[in-house]
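**Student:** Based on what follows, work out the 3D shape:
(one chain, ligands or ions: 1)
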Amino acid sequence: MDRIIDGKAVAARVKEEIKNKIEERGIKPVLAVILVGDDPASTVYVNNKKKACEFCGIGSKSYELPSETTEEELLKLIDRLNKDKEINGILVQLPVPKHIDPDKVIEAISPTKDVDGFSTQSAGALMVGKKGFVPCTPAGVIELLHSYNVEISGKNCVVMGRSNIVGKPMAMLMLRENATVTVTHTKTKDIKEITKRADILIAAVGKPRMIDQSYIKDGAVIIDVGIHRLDPAENNGKKLCGDVDYDSVYDKASLITPVPGGVGPMTIAMLMKNTLSAYDMQNKSQG
Ligand code: GUN
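**Tutor:** Numbering: from 1, shown residues only. As a prediction, this is how the structure comes out:
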């Protein structure tokens, strides 16, 4: 049986469903995308987000600001977009330049337009099981697991990494799905003893190919959230890798996400979903 979880195919299906819903209803949700500076990776991500919007029939308003933009100027723009009834979702691509406090930026976005789900209100809603925006990457992982009929309830899930963007919300989502969840991090002792008990292992450590077969048990489902650039000359023409050493782990895993083409495409698909939800929430509350 094929062990590969095809994130590209699942993301395409999710985006197709959103496109159809939007078309049928004759609506036009709008996402504002803000990029400060010209970080090459961020520029690629932002362009991919704009392309996905176009595919789904979501309007995108792009704000590409110079790296010298002050925090005050950025906060003013967010304030203006918060008040703009034509805008349903606001996304500030991270990281922002060093002179800007990312926490202030995240908290400035209206919770009703926080399609990234990074604000304290969104994180709190997830924690207590209330409705709110769920961060796109962990939401995408859940969508992948459901798409491949992976049983989650009662399973041991180990989330490697505790970032606010992936690890923590991922752990909360797996808990919501009734998994028994363990979170590991840089201070964890005897990490392999923990990861080897995982039925579902979710890697978000930010270290290229750190997780080899010695970390996993036979038949585990392996989800790789990492993405790292490689020198193709030194890696058989490969440009990207994940946190998981794919070749080492493949034979032991029952299912595994590749990099690229695993979790990555799901992040953008879930952003589209959140933007449509934002539109719906705003239009309901207006009666
Ligand atoms: N930078 C890396 N991942 C993300 C993301 O999901 N959203 C935003 N806004 N910035 C990011």
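
**Student:** Three-state assignment for the closest residue to the ligand within the stretch 151-287 of the chain, please.
**Tutor:** Residue of the stretch 151-287 of the chain nearest the ligand, by CB to the nearest ligand atom: residue 267 (5.6 Å). Backbone N, C-alpha and C define where each C-beta goes, glycine included. Secondary structure state of residue 267, per DSSP: H, G, I helix; E, B strand; the rest coil, is helix.

**Student:** pLDDT score for the one residue in the chain that gets nearest to the ligand?
**Tutor:** Of all residues in the chain, residue 94 sits closest to the ligand, at 3.7 Å by CB to the nearest ligand atom. Looking at residue 94, its pLDDT stands at 97.

**Student:** From residue 14, how far out is it?
**Tutor:** 23 Å (CB to CB, to the nearest Å).

**Student:** right, and the secondary structure at the residue of the chain closest to the ligand would be what?
**Tutor:** Following three-state DSSP, we place residue 94 in the coil state.

**Student:** hang on, isn't it packed against residue 102?
**Tutor:** Yes. Between residue 94 and residue 102 there is a contact under CB atoms under 8 Å: 6.0 Å.

**Student:** do stretch 168-188 and the ligand meet at all?
**Tutor:** No. Judged by CB under 6 Å from any ligand atom, stretch 168-188 makes no contact with the ligand; its nearest approach is 10.9 Å.

**Student:** Next, the buried residues of that stretch.
**Tutor:** Neighbour-count burial for stretch 168-188, counted by 16 or more other CB atoms under 10 Å, picks out 168-175, 177, 179, 181-184.

**Student:** and if you look at stretch 105-123?
**Tutor:** Burial within stretch 105-123, assessed by neighbour count using 16+ other CB under 10 Å, is assigned to 105-119, 121-123.

**Student:** Quote the end-to-end distance of that stretch.
**Tutor:** For stretch 105-123, the first-to-last residue distance is 15 Å (CA to CA, to the nearest Å).

**Student:** Return the list of helices and strands in contact with whichever strand or helix holds residue 104.
**Tutor:** Using DSSP states H and E, residue 104 sits within helix 102-108. In terms of contacts (3 or more CB pairs under 8 Å, 6 or more residues apart in numbering; DSSP states H and E), helix 102-108 is packed against helix 71-83.

**Student:** which residues touch residue 210?
**Tutor:** Contact analysis of residue 210 by CB atoms under 8 Å, 6 or more residues apart in numbering lists 203, 243, 244, 245.

**Student:** which residues does the first one bridge with?
**Tutor:** When bridges are taken as DSSP bridges, the partners of residue 203 come out as residue 160, residue 224.

**Student:** My guess is it contacts residue 223. True?
**Tutor:** Yes. Assessed by CB under 8 Å, residue 203 is found in contact with residue 223 at 6.9 Å.

**Student:** quick one, phi/psi of the nearest residue to residue 113 once chain neighbours are set aside?
**Tutor:** Spatial nearest neighbour of residue 113, excluding adjacent residues (CB to CB, 6 or more residues apart in numbering): residue 90 at 4.6 Å. Taking degrees, to the nearest 10, you get phi -130, psi 130 for the backbone angles of residue 90.

**Student:** what about residue 66, neighbour count?
**Tutor:** Residue 66 is flanked by 10 other residues according to other CB atoms under 10 Å.

**Student:** Oops, could you answer that again for residue 103 instead?
**Tutor:** When neighbours are counted by other CB under 10 Å, residue 103 comes out with 11.

**Student:** Report the separation between it and residue 225.
**Tutor:** 22 Å.

**Student:** now residue 102
**Tutor:** 19 Å.

**Student:** if you count what's nearby, which of these two comes out ahead?
**Tutor:** For the pair residue 102 and residue 225, the greater number of neighbours falls to residue 225 (31 against 14), based on other CB under 10 Å.

**Student:** thought that one was touching residue 243?
**Tutor:** Yes. Counting by CB under 8 Å, residue 225 does reach residue 243; the two are 6.9 Å apart.
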